[in-house]
Every structure is written in C-alpha cells, then in structure tokens.
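> Give the three-dimensional model of this entry:
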Amino acid sequence: MMTRLNETLSPGTGNQAIVLALCQRAECLAWMRLALDGMAIVLPVDLRPDEMVQTVGKSGASVLVADFGDQPPGTALFDHLRLSFPDLKVIGVGSLSDQQALLTAMRAQVVDYVEQESPAGNLRQAVERVLAEIRQRRLRTGRLITLCGGIGAGSTTITCNLASLLKAQRPDAGVLILDFATPVGDAALQLGIAPHISFAEAVRNLDRCDRTYLNTAIARSSGGIGVLPLFHEERDLRGLKISEAYQLLVLILSTYDLVIADLGGAAFSDLGQYLQQTADEILLVVDQSVGHILEGKKIVAQLRERLGNRLHAHLIVNHYEPVLGVEPTNIADELDLPLLESGILPERRTPLIQSMNLGKALMETLPKDTLVNLFSAMSLQLQAKLWPEQVKDASRQPRGRISQWWHDWRKTR
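Next comes the predicted model:
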C-alpha cells in the first residue's frame, strides 16, 4: 500500500484532490474512478486500521468514499479513524433498499449516501460539494507552529520568547500560546500572566464560545500575547469530549493570526497529534543528552508515519555547550531532520531564570543578549515560511548576522 501511495503522490499529479476509496468490490471501485475522473485521484485503502491511518496521514486526503454494499466495514473502523483524523469526511455508497447498510452508514457518521446503481455523476456531485465545504472551512487566516520535545528540553522558554519576538515584529497580529506542555502553567508564569480560563474550561463552554468570548476571556501578557493553559487542575480533563476539543481548536485557528502550541513531551497525546497534523511548521527541541535525542527519534518516527511527505519540521538544539562534544549537525543526522537556521541556542541559564522570575521575556530584560538575537532571527525565518507573500527576503536577511553572533560566541567558550 505504501509503495502504491508514493507512486500516486509522485510529481505530476497536478492540483487534483485525493479521495480515498474503501471498497471490496472491483466494479464499485471502477465506478468511483469513472465518477471522479479528471477531478480527483482515487486511492484504494486497506481495511486494516493502522494501514488506513498511515494512508490518510501521508496522502493528506480529507474525503473517504466507503462501500457499504456486500461486506460493509464495521463502525469501529470509522471510530478509530475519527480519533486520528476528526476532519475526515466519509461518503457512503450502497443500496438505498438495504436497511442494514443504511444503518451501518449512519453509525459511521457519513455526510452523504449515494445509491450504488445511480449515475456516476451523483457521486461526483457529492464529492464536489464536500470538497468545496472543506476548502471553505480551511480558509483560515491563522498559522500554527507546534513545539515538542522531552520534558526539560526547554520548549516552553523557546515558545514564550519566540512569541514575544513575533508579536513585536507583527504588532497588529493576534498571537496565542497554547500551553499544553508539562508542567502546565509554565508559559503563563514566564510571561507574568494569571490565566482567566483554561482550554478544558473553554471546551465545556463550547456552546457560548465565539471569537468575542476568546478575545475577552483569554489573559494576555503586557506585550499582548494570549496564553491558554490546558487546564487549571488535572481533574478538569475528566469527561472532556475529544470531538469538542477539536471544534475549539478549529475556532481558535480561525480567530488568531498566529497560534504557537507548546506540546513539550505531550507530542503523543490525541490533542498533540491533531495539532501536529494541522501545523504549518513543527519545531522539535532537544538538548545534547542521550535521553532527549532518543525521545526526539520517537517523535520524528511518529511524524513521518502520520504525515509522510507533508511533514514540515525543523530541529532546534537547546542549551548547547561545545564542551559536551555532541554537535548539532550530528544530532540532525541522527534524527534525519534539518536544523532550523539560528536553531542552535547556547546555554544561558542565568539570564533566562532572571527574566522568568520577573515574568518577562528575555527581549524585555536583556534586549542585546545573544539569545535575543537568535530568537529574532528565528522569528524572521519563520515569518518567511508562514507568510512568504508578506515577508520577502526575510529568510535571507539575518544570515550574516547570525554567523557573526555564532562566531563571536564560540570564541568566548
């Protein structure tokens, strides 16, 4: 299946959508392909849940056409898919006179059901309508960056300082930090914020959640950065419906210009996996310890399995000390992940703790610090990736300065 998938997604497929086909009957598959000829690439999928999850992730498909004819798939398969891909839309195909097939399709939460003996144009119209709705929903203004890594790697500190620089460089942008790392609440602490609400609380109030509610209820730093922790107390997560959590994330991503999700070591949670699948850029944070490097390998393996060639990820090596003898380039090779330019951050424990104790970002307390220079350069590079039409040549601008900072700092070691 993976070989066939890679061949299907090879260059030259044009702008056609990819529609997955779950069917056991050859004649039904041929009918699907005839109906969608010229509009979409029809990719058959395996009935095995793990194989299907990999195919959905690597293809980036948002529509699955399922055959509920002779041997309809069980609803457990669709429940499994929804956990990993809550936005995946299922269109059913089968006989309208087969009550059992209709009932199974309803339990699978299909968004449409097409008579298998009807003209092929009926299926084409159903797929066109669903794809149009998906495209409309995806017209969001916001961008999403996720940071992940082992506990203690420093993803929260990087998140706060990076958000502060991005907000300073784009003062009119709405910037929100999702604080989902462990321990929860560190981002608010570092920025001197007392959060009004948590993500869990907002999910429970989803029926009255709108942009106005988010803009007024979420606490902000003195620099205008919103912070939304996962919970106030861990028991707040009990009974939380994951489907409603996904709905809130969609609302958040349509409300803010930039969302930075600090996952820390929660990269493998349901919310963490959803955010990484949705992210415009993923930053993996490790230090030079064997433990964090091995944890990074696990995260990268999972990302490649889920996203395949849609993976947009870079490596940041934090707390770098030349004396340890583990070079960032070696770590990048080990993880098979490119280093983010300016993504080698030297150990600066003292000034960082001083800033944290004041509840401020480093740019506010020591604006000329080496780390501030590197965070500033990093933010410009990310802007060039996220808003290339607005930030022309930004990725080229800081390169010479970074090299000089790095050269000067290495000379002092």
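> in the chain, which spans are strands?
17-22, 40-44, 63-67, 89-94, 112-115, 143-148, 175-179, 226-229, 258-264, 281-286, 313-320, 339-346 (DSSP state E).
> would you list these in TSV and tack on mean pLDDT, distance to Glu51 and mean neighbour count?
Quick note: C-beta positions are derived from backbone N, CA and C, even for glycine. Converted to TSV, the strands of the chain look like this (pLDDT from 0 to 100; distance: least, Cβ to Cβ, whole Å; neighbours: other Cβ atoms under 10 Å):
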stretch	mean pLDDT	distance to Glu51	mean neighbour count
strand 17-22	92	11	22
strand 40-44	91	11	20
strand 63-67	94	13	24
strand 89-94	92	17	23
strand 112-115	91	25	18
strand 143-148	94	25	25
strand 175-179	96	31	27
strand 226-229	95	36	27
strand 258-264	95	26	28
strand 281-286	96	24	26
strand 313-320	95	23	23
strand 339-346	92	33	21
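> Would you mind giving those as TSV with distance to Gly74 added?
Compiled in TSV, these are given as follows (distance: least, Cβ to Cβ, whole Å):
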stretch	distance to Gly74
strand 17-22	12
strand 40-44	18
strand 63-67	11
strand 89-94	13
strand 112-115	17
strand 143-148	33
strand 175-179	35
strand 226-229	37
strand 258-264	32
strand 281-286	33
strand 313-320	34
strand 339-346	43
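> closest one to Ala194 among these?
Closest to Ala194 of those, according to Cβ to Cβ: strand 226-229, at 9.7 Å.
> for the closest one, packing partners?
The contact analysis (3 or more Cβ pairs under 8 Å, 6 or more residues apart in numbering; DSSP states H and E) places strand 226-229 against strand 175-179, helix 186-190, helix 199-204.
> if we go to 6 Å?
Judged by 3 or more Cβ pairs under 6 Å, 6 or more residues apart in numbering; DSSP states H and E, strand 226-229 is in contact with strand 175-179.
> Mind listing the strands the strand it packs on pairs with, and their directions?
Strand pairing for strand 175-179, using DSSP bridges, gives strand 226-229 (parallel), strand 258-264 (parallel).
> Output the longest one as PDB - backbone C-alpha positions only.
Presented in PDB, the C-alpha positions along strand 258-264 are these (Å, rounded to 0.1, in the frame of the first residue of the first chain):
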ATOM      1  CA  LEU A 258      -0.700  33.000  14.900                       C
ATOM      2  CA  VAL A 259      -1.000  30.200  17.400                       C
ATOM      3  CA  ILE A 260       2.100  28.600  19.000                       C
ATOM      4  CA  ALA A 261       1.300  25.300  20.700                       C
ATOM      5  CA  ASP A 262       3.800  24.200  23.300                       C
ATOM      6  CA  LEU A 263       3.400  20.400  23.500                       C
ATOM      7  CA  GLY A 264       6.600  19.700  25.300                       C
END
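> what comes into contact with it?
Defining contact as Cβ atoms under 6 Å, 6 or more residues apart in numbering, one finds that strand 258-264 is touched by 142-148, 155-156, 159, 163, 173, 175-182, 187, 272, 275.
> Quick one: work out the angle between it and strand 143-148.
Counting by axes from the mean of the first three to the mean of the last three Cα atoms, to 10 degrees, strand 258-264 lies at 10 degrees to strand 143-148.
> for this protein, which spans come out with low pLDDT?
The chain contains residues with pLDDT under 70 at 1-15, 136-141, 391-413.
> tell me the domain ranges of it?
Using automatic domain parsing, the domains assigned to the chain come out as 14-137, 143-401.
> Deepest-packed of these, please.
When these are scored by mean count of other Cβ atoms under 10 Å, the highest mean neighbour count falls to domain 143-401 (a mean of 19).
> Just give me how far that one sits from the chain centre.
Relative to the chain's own centre, domain 143-401 is displaced by 11 Å; criterion: Cα atoms, centre = their mean, to the nearest Å.
> Quick one: residues contacting Lys241.
Under the criterion of Cβ under 6 Å, 6+ apart, Lys241 has no contact partners.
> backbone phi and psi for it, please?
Here is the backbone geometry of Lys241 (degrees, to the nearest 10): phi -80, psi 120.
> can you tell me how far it sits from Leu337?
Distance, Lys241 to Leu337, by Cβ to Cβ, to the nearest Å: 34 Å.
> quick one, helices of the stretch 251-400 of the chain?
Here the stretch 251-400 of the chain has its helices, by DSSP state H, counting those that start in this stretch, at 270-278, 290-307, 328-335, 349-358, 362-365, 370-386, 399-411.
> Spatially nearest residue to Thr329, not counting backbone neighbours?
Counting by Cβ to Cβ, 6 or more residues apart in numbering, Leu339 is the residue found nearest to Thr329 once chain neighbours are left out, at 7.1 Å.
> so what's the one you found bridging to?
For Leu339, the beta-bridge partners are Leu315 (DSSP bridges).
> residues contacting it?
Counting by Cβ under 6 Å, 6+ apart, Leu339 has contacts 315, 328, 332.
> Same check on Leu176?
Contacts here follow Cβ under 6 Å, 6+ apart; on that basis Leu176 touches 226, 256, 259.
> Now render these as TSV, adding distance to Ala132.
Listed next are the contacts of Leu176 as TSV, based on distance: Cβ to Cβ, whole Å:
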residue	distance to Ala132
Gly226	32
Tyr256	25
Val259	25
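> Ok, which of the strands paired with strand 175-179 comes nearest Arg25?
Nearest to Arg25 among those is strand 258-264 (42.0 Å), distances taken as Cβ to Cβ.
> Can you give the contact residues for stretch 126-146?
Everything outside stretch 126-146 that qualifies as a contact, by Cβ under 6 Å, 6+ apart, is 17, 62-63, 89, 91, 112, 114, 253-254, 256-261, 263, 275-276, 278-282, 386.
> brain fart, stretch 300-307
So stretch 300-307 is contacted by 54, 57, 311, 335, 337 (Cβ under 6 Å, 6+ apart).
> mind running it again at 10 Å?
With contact meaning Cβ atoms under 10 Å, 6 or more residues apart in numbering, stretch 300-307 is reached by 50, 53-54, 56-58, 60, 84-85, 148, 267-268, 272-273, 276-277, 279, 282, 284, 310-313, 315, 334-337.
> repeat for stretch 71-83
By Cβ under 10 Å, 6+ apart, the residues outside stretch 71-83 that reach it are 22-25, 45, 47-50, 52-53, 56, 64, 66-67, 88, 90, 92, 94, 98, 100-101, 103-110, 242-243, 246, 270, 273-274.
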